[in-house]
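**Student:** This is a predicted model, with the sequence first.
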Amino acid sequence: MSFDIITKNLEAANEPNEVLQNKKKNLTKYKNTYFIYCPKRHIENILTTANNLPFNCIFNDFQLNNFDGKTILFYGMEDLCASQKDFLLHAASQGARVEQLTAFLDKQLGYTEVSLLSTQYFINEEAIGMLWCKKSQFIKSFMDKLIALLLLTFTFPVMLLAALAIRLESKGPTFYRQLRVGQYNREYNVYKFRSMRIDAEKNGPQWAKSNDVRITRVGRFIRATRIDELPQLFNVLNGDMSMVGPRPEREVFIKDLEQHIPYYRFRHAIKPGITGHAQVCYQYGSSIDDAIWKHKYDVHYIKHQSLWFDIKIMLKTIPTVLFGMGR
């Protein structure tokens, strides 16, 4: 579906009335039209972010007086003047659906547009309070360890076969451990089955790539089926990891990524996971752009995490394991 954006601030518009009316008539060919209210300086950023969204946007139409069935979105509320805030309050009292723009996009897209976030988003959003809810933390930790124990019981024969195959194919250890950054930026040793040659990083740390020549034949299979991740169940049992969460990353890469991705270290507000929202929703990738997209899904998960959300992600992981989809 094409995307038509009308950008206008009626407080400063110089266009004749009939031109504006014709523009409004053109909106009828699209199913959804949303009215966005924000400071002028944010419009360009919103347009860039929303460029591929399949709906119409009208900016700062403060002459709107029919609010029936309208969806009104606001952004940068702290920078709106008193009369503009009063307009939004009046719209809500007249039956309009009034929402914060980033929260609305969260629900529509299933990920968070990090380019539209501010520090206020993280410290004022009520849902972020789940991070410090002792009851929720206890339930998540209990379920993590219970599921890890069950999986270790059922996958133990698979782990033995994987260990044997690795030993037969190439010299070197069956397992490898590596420092990763966990919750609250604390480093821990992650455990995996070795899937690469023992000299894989002789030239320094590198991101793993699709069709990476450093990966062994056995390694390619156990990575595609995520068998290589099974030793991380021990990380879950000792409390370093969760079953579901952001993918654990190395500090050397994080220092680079946080230069390009806003609020990248916020992912460490929770424990990293064996699987996660980003892993099941986004394809394998090893670029800055890929990391940005994965971060959008990770932030969305952190804000909306729940037991039911975890269950859905783990169920989505099953096709990945069975059919080698994604990573």
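**Tutor:** Thanks, I have the structure now.

**Student:** So which residues of the stretch 201-327 of the chain form helices?
**Tutor:** Counting by DSSP state H, counting those that start in this stretch, the stretch 201-327 of the chain has helices at residues 217-224, 232-237, 251-257, 277-281, 288-304, 307-323.

**Student:** okay, those, which one's buried deepest?
**Tutor:** Across the helices of the stretch 201-327 of the chain, averaging neighbours per residue (mean count of other C-beta atoms under 10 Å) puts helix 277-281 on top, at a mean of 24. Placement of C-beta: from N, CA and C, glycine included.

**Student:** before we move on, the earlier item: of the helices of the stretch 201-327 of the chain, which approaches Tyr263 most closely?
**Tutor:** The minimum distance between Tyr263 and these falls on helix 288-304, with 7.2 Å, by C-beta to C-beta.

**Student:** ok and the closest one relative to helix 307-323, angle-wise?
**Tutor:** Angular relation of helix 288-304 and helix 307-323 on a 0 to 180 degree scale: 140 degrees, by axes from the mean of the first three to the mean of the last three C-alpha atoms, to 10 degrees.

**Student:** Give me the contact list for helix 288-304.
**Tutor:** The contact list for helix 288-304 (C-beta atoms under 8 Å, 6 or more residues apart in numbering) reads 106, 110-114, 117, 125, 127-128, 131, 244-247, 257, 260-261, 263-264, 266-267, 269-270, 276-278, 281-282, 285, 309, 313.

**Student:** you'd agree Leu73 is in a helix?
**Tutor:** No: Leu73: not assigned to a helix; according to DSSP: H, G, I helix; E, B strand; the rest coil it is strand.

**Student:** And the spatially closest residue to it that is not a sequence neighbour, how far from Pro246?
**Tutor:** On the basis of C-beta to C-beta, 6 or more residues apart in numbering, the spatially nearest residue to Leu73 that is not a chain neighbour turns out to be Leu101, at 4.4 Å. Using C-beta to C-beta, to the nearest Å, one obtains 24 Å as the distance from Leu101 to Pro246.

**Student:** These two: which is more packed in?
**Tutor:** When Leu101 and Pro246 are compared for neighbours, Pro246 comes out ahead with 26 against 22, by other C-beta atoms under 10 Å.

**Student:** List the contacts of that one.
**Tutor:** With C-beta under 8 Å, 6+ apart, Pro246 has these contacts: 267-268, 270, 272-273, 276, 278, 294, 298, 301-302.

**Student:** thinking Pro173 is in contact with Arg194, fair?
**Tutor:** Yes: at 5.9 Å, Pro173 and Arg194 qualify as touching, with contact defined as C-beta atoms under 8 Å.

**Student:** Between the two, point out the one with more neighbours.
**Tutor:** Higher neighbour count among Pro173 and Arg194: Arg194, with 23 against 11, using other C-beta under 10 Å.

**Student:** quick one, what contacts the more buried one?
**Tutor:** By C-beta under 8 Å, 6+ apart, the contact list for Arg194 reads 166, 172-176, 219.

**Student:** Show me the shaky parts of the protein.
**Tutor:** 1-31, 50-54, 124-130, 199-212, 284-285, 320, 322-327 (pLDDT under 70).

**Student:** top helix in it by residue count?
**Tutor:** helix 134-169 (DSSP state H).

**Student:** quick revisit: I'd like the contacts of Arg194 written out as TSV, with distance to Thr33 and secondary structure added.
**Tutor:** Shown next, in TSV, are the contacts of Arg194 (distance: C-beta to C-beta, whole Å; DSSP: H, G, I helix; E, B strand; the rest coil):
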residue	distance to Thr33	secondary structure
Ile166	57	helix
Gly172	60	coil
Pro173	60	coil
Thr174	59	coil
Phe175	56	strand
Tyr176	54	strand
Gly219	51	helix
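
**Student:** just the buried members of those?
**Tutor:** 166, 176, 219 (16 or more other C-beta atoms under 10 Å).

**Student:** which among the residues you listed gets closest to Asn56?
**Tutor:** Out of the buried ones among the contacts of Arg194, the member with the shortest distance to Asn56 (by C-beta to C-beta) is Gly219, at 49.1 Å.

**Student:** surely Ile254 meets Arg267?
**Tutor:** No: look at Ile254 against Arg267 with C-beta under 8 Å: they stay out of range, at 9.0 Å.

**Student:** is Leu73 in a bridge, and if so with what?
**Tutor:** Note on Leu73: beta-bridge partners by DSSP bridges are Ile36, Glu99.

**Student:** Distance check, it against Tyr34.
**Tutor:** From Leu73 over to Tyr34 the distance is 6 Å, taken as C-beta to C-beta.

**Student:** residues shared between the contacts of the two?
**Tutor:** With C-beta under 8 Å, 6+ apart, Leu73 and Tyr34 have common neighbours Phe104.

**Student:** Having no further points to raise, I will conclude here.
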